[in-house]
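Trainee: got a sequence here, can you model it:
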Amino acid sequence: MAQFWVGGTSCSYNITVKPSIFVVEDDPDISRLVRLHLENEGFPVRVYLNSTAVISDAERQRPALFVLDIMVPGRDGLELCRTIRQTLGLASVPVIFAANLIASWVWNSARMTTSPNLSVRVN
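Mentor: Model prediction:
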């Protein structure tokens with residue numbers, strides 16, 4: 001059920017609106033890949049290249065999930081997460097960190113080693 005306001009009047013419709021997912025990622029290749037996979041699952045996605053407008057936008061339209069890069073221009077992902085947790089109405093929204101540098105290191109390490117104990121799954 002979605003509810004809209006038009007000229008001060010409330011209108012309800014029997015439609016299901018999936019909340020959007022906010023992705024904060026400054027690498028265009030990674031943000032495109034994340035957007036593609038999430039949109040293929042039916043989620044609306046908003047991508048931010050920096051952390052400047054994320055909180056104000058999230059206060060206007062509460063997302064279902066934040067996907068944050070740790071190293072992003074403006075406030076870094078950790079600081080942005082702290083702000084999310086301290087913001088009334090956003091504190092309960094789940095946060096996933098996209099650790100690009102760590103994932104890249106693991107992938108490159110896996111390609112350079114023959115260790116039988118290392119398992120990397122790439123979809």
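Trainee: and the helices in this protein?
Mentor: If DSSP state H is used as the criterion, the helices of the chain fall at 28-40, 54-60, 77-86, 100-112.
Trainee: mean pLDDT lowest for which of those?
Mentor: Lowest mean pLDDT within these: helix 100-112, a mean of 51.
Trainee: residues contacting the closest residue to Thr52 other than its chain neighbours?
Mentor: Closest residue to Thr52 apart from its sequence neighbours, by Cβ to Cβ, 6 or more residues apart in numbering: Gly74 at 5.1 Å. In this view, the C-beta of every residue, glycine as well, is placed from N, C-alpha and C. With contact set as Cβ atoms under 8 Å, 6 or more residues apart in numbering, Gly74 has these partners: Asn50, Ser51, Thr52.
Trainee: now a PyMOL select for only the buried ones of those residues.
Mentor: In PyMOL syntax, the buried subset of these is picked out as below (16 or more other Cβ atoms under 10 Å):
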select buried, resi 51
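Trainee: need the contacts of Gly74 in CSV with distance to Leu38 and pLDDT, can you?
Mentor: Listed next are the contacts of Gly74 as CSV, based on distance: Cβ to Cβ, whole Å; pLDDT from 0 to 100:
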residue, distance to Leu38, pLDDT
Asn50, 20, 91
Ser51, 19, 90
Thr52, 22, 90
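Trainee: all good on my end, thank you.
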